[in-house]
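Peer 1: The following comprises the amino acid sequence and a computationally predicted model.
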Amino acid sequence: CTAISAGSSILKETSFPLVLIDEASQATETATLVPICHGCKQLVLCGDHCQLPPTVKSESPYSAGLKMSLFERLALYGLRPI
């Protein structure tokens, strides 16, 4: 399922012990947190934080700090991508 659909009421009883997010540098941080909050024990973020930023169509989220992906934030705080 997609990151956002992991929070759907249809999947509310479902846990996701392994979460793999492809093109993680193009997803907003809040979108990636949705499946992580559903029982994630292992997380794999695939992508390149130096390439395209998260896709946000509205300018207002930029003031809320949503222009940075979780992938980029983790790299910024010293977690080395492999």
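Peer 2: On my side now, so go ahead. Numbering: from 1, shown residues only.
Peer 1: which stretches of the chain form helices?
Peer 2: Residue ranges of the helices in the chain, as given by DSSP state H, are 29-36, 60-63, 70-76.
Peer 1: For the last one, buried residues please.
Peer 2: Taking 16 or more other C-beta atoms under 10 Å as the neighbour-count basis, helix 70-76 is seen to contain the buried residues 70-72, 74-75. In short, each C-beta sits where N, CA and C put it, glycine included.
Peer 1: By mean pLDDT, which helix or strand of the chain comes out lowest?
Peer 2: Using mean pLDDT, DSSP states H and E, the weakest-scoring helix or strand in the chain turns out to be helix 60-63, at a mean of 62.
Peer 1: what residue ranges in the chain score low on pLDDT?
Peer 2: 61-64 (pLDDT under 70).
Peer 1: Now do the strands in it.
Peer 2: Assigned by DSSP state E, the chain shows strands spanning 18-21, 42-45.
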